[in-house]
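predicted structure and sequence below. I'll ask about it afterward.
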Amino acid sequence: MLVYLRLLKESFRFAINALRNNKLRTLLSLLGVTIGIFSIIAVLAAVDSLDRKISKDLSSLDKNTIYLMKFCFGPSEIPQWKREQFPNVKYDEYIALKNSLNNTEQVAYQLFVNHESLKYDSKTVSDVNIIPSSNEMVDIDGLSFDKGRFYNESESNSGTAVIVLGYDIAEGLFGTSDPIGKNIRLYGQRFTVIGVIAKQGAGFFGDSNDTSVYLPANFLRKMYGDSDAMTPVIVIKPEKGVDMDAYKAQVAQKLRAVRGMKAGEMDNFFVNVLSGFTDFIDGILGSLRVGGIGISFFSFLVGGFGVANIMFVSVKERTNLIGIQKSLGAKNRFILFQFLFEAIILCLIGGIIGLVIVWLLSILLTNLLDFEFVLSIWNVIIGGGLSIFVGLISGILPAISAAKLDPVEAIRTGM
């Protein structure tokens, strides 16, 4: 054990000497390893950070939540021209499903509309995410409140002019004042503030509850009817533990019955499950991981050849020393490990530089952007492991050539 510790110490000294004596050559060779480690770990850290952010944003939602609408999540085998002919889901269909579906916790109706501006006295907040919905969305979206409440079933059904503000919206309009009971203007109409949602933080998908407002969908339906400018969706939350395939079939069968569709006729709607959307996102993130690693492979290739070149030069420069070591009884294994350890240490130095750059970049991006960029311990371990692997591969041939040197010839060559 002591022999190998001494071997590591000597290998480390030789590696440092290589950096001191041949600074430019060694640094250029290690640059490939540094870039390779930086590229792979930066990609893995970015993807992991995105994955963590998406999981956080969706944590309040049940992954079995169903979005029933004319559009689909992700790719579809149905041609686009055919999908464009699908009718929107209707409020009456929401009522019918709400009254007939089994094993269901909540059924809600929601409209997708354009962003708008909100006004209170002389203050205006622009680009607000408007969420017209029925009262059940408070449970489906898992909303918690800083002040006030959500609108109830009576207010939802009658389309009462009440509104629930996101935290940032309330702060932008009212500052530190209590907004409950105050009137704001939206769509040229006056709404009474009845609640403020607790602060959530930035959302991965652009909008978050902090920059959103909820109002009864029936208020807009009374104003504009079922306009094509608004895209409706029926949101369904099944009970926990249900067989999702059977449940999706039940939803499809109920809607087909409401629409009076004939047997064999193709569905003109999509039963989108949130877990399917997250699987689609996971597939994209997986592709990013593979793509980033593939690109980084070429940097590793260049770095590996560079380190191998350094080690071959090192073997040539220390041929006399290798001969002396062998004449004093050093075994081939000792010489082999000496050069292998040296190559690994050189690659570790390059890898550590790459990891430090990723770490500094993660701190910078976290401070500049409203996004937490995380370099996990697992990614650091991967970076270190890859550095050792590259060092092992690039150093094996030079180490073997050094171990096989004849001691007499080696001493004679150095004279």
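Everything's here; your move. Just so we're clear, the structure is a prediction, and the values are computed from it rather than from any experiment.

where along this structure do the strands fall?
All strands of the chain, identified by DSSP state E, fall at 66-69, 104-112, 116-120, 123-133, 145-148, 162-165, 183-186, 189-197, 212-216, 231-238, 270-273.

packing partners for the last one?
Right, the one you point to is strand 270-273. strand 66-69, helix 244-259 (3 or more C-beta pairs under 8 Å, 6 or more residues apart in numbering; DSSP states H and E). C-beta here means a position set from N, CA and C on the backbone, and glycine is covered the same way.

hey, which of these is tucked in deepest?
Counting by mean count of other C-beta atoms under 10 Å, strand 66-69 has the highest mean neighbour count of those, with a mean of 22.

can I get it in CSV, CA atoms only?
Extracted in CSV, the C-alpha atoms of strand 66-69 (Å, rounded to 0.1, in the frame of the first residue of the first chain):
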residue,chain,number,x,y,z
ILE,A,66,-56.6,14.8,-18.4
TYR,A,67,-56.9,17.8,-20.8
LEU,A,68,-59.8,17.1,-23.2
MET,A,69,-59.6,19.4,-26.2
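
residues near the nearest residue to V251 once chain neighbours are set aside, how many?
Closest residue to V251 apart from its sequence neighbours, by C-beta to C-beta, 6 or more residues apart in numbering: V271 at 5.5 Å. Residue crowding around V271 was assessed by other C-beta atoms under 10 Å; the count is 20.

so V271 makes contact with Q253?
No. Counting by C-beta atoms under 8 Å, V271 does not reach Q253; the two are 10.5 Å apart.

quick check: closest non-adjacent residue to F71.
Closest to F71 by C-beta to C-beta, 6+ apart is F270, at 6.4 Å.

about what we covered before: out of the strands of the chain, the one nearest I353 is which?
Proximity to I353, assessed across these by C-beta to C-beta, is greatest for strand 123-133 (42.0 Å).

which elements pack onto the closest one?
strand 104-112, strand 116-120, helix 167-174, strand 212-216, helix 217-224.

pLDDT of the last one, averaged?
This means helix 217-224. If you average the pLDDT over helix 217-224, you get 92.

what do you get for the third one?
Per-residue pLDDT over helix 167-174 has a mean of 92.

how far off centre is that helix?
28 Å (C-alpha atoms, centre = their mean, to the nearest Å).

residues making contact with that helix?
118, 120, 123, 125, 128, 146-147, 165, 179, 182, 184, 193, 196-200, 209-213 (C-beta atoms under 8 Å, 6 or more residues apart in numbering).

could you rerun that using 7 Å?
118, 120, 123, 125, 128, 146, 179, 182, 184, 196-199, 210-211, 213 (C-beta atoms under 7 Å, 6 or more residues apart in numbering).

now K70. Its backbone dihedrals?
phi -80, psi -10 (degrees, to the nearest 10).

for it, which non-adjacent residue is spatially closest?
Using C-beta to C-beta, 6+ apart, the closest residue to K70 is F86 (4.0 Å).

who touches the residue nearest to V251 in this structure?
Contact analysis of V271 by C-beta under 7 Å, 6+ apart lists 66, 68, 248, 251-252.

out of those, which comes closest to T231?
Using C-beta to C-beta, those come closest to T231 at L68, 12.3 Å.

and the pLDDT at that closest one?
Reading off the model, L68 has pLDDT 93.

over to S55?
65.

okay, helices next: where are they in the stretch 251-400 of the chain?
Applying DSSP state H, counting those that start in this stretch to the stretch 251-400 of the chain gives helices spanning 274-317, 319-327, 332-368, 377-403.

can you pull the buried residues of stretch 181-200?
Within stretch 181-200, the residues scored as buried using 16 or more other C-beta atoms under 10 Å are 182, 184, 186-187, 191, 193-197, 200.

wouldn't S100 be in contact with Q253 here?
No. Judged on C-beta atoms under 7 Å, S100 makes no contact with Q253 at a distance of 10.2 Å.

dump the residue contacts of T65.
T65 neighbours (C-beta under 7 Å, 6+ apart): 140, 235, 237, 274.

for K316, state which of those is nearest.
Of the contacts of T65, the one sitting nearest to K316 (C-beta to C-beta) turns out to be L274, at 62.4 Å.

pull the number of nearby residues for the closest one.
Neighbour number of L274 under other C-beta under 10 Å is 18.

so the residue minimising distance to the centre of the chain versus I284, what's the distance?
Centroid-nearest residue in the chain: L50, 1.8 Å away (criterion: C-alpha atoms, centre = their mean). L50 sits 9 Å away from I284, going by C-beta to C-beta, to the nearest Å.

shared neighbours of these two, which are they?
By C-beta under 7 Å, 6+ apart, no residue touches both L50 and I284.

how close does I363 get to F373?
8 Å.

of those two, which one has the most company?
F373 (23 against 12).

and that one, what are its phi and psi?
According to degrees, to the nearest 10, F373 has phi -90, psi 120.

where does pLDDT dip in the stretch 151-300 of the chain?
201-207, 275-283, 285, 288-289, 292-293, 295-296, 299-300 (pLDDT under 70).

what do you get if the cut-off is 50, keeping everything else the same?
204-206 (pLDDT under 50).

tell me how many other residues crowd I180.
Residues near I180, counting by other C-beta under 10 Å: 16.
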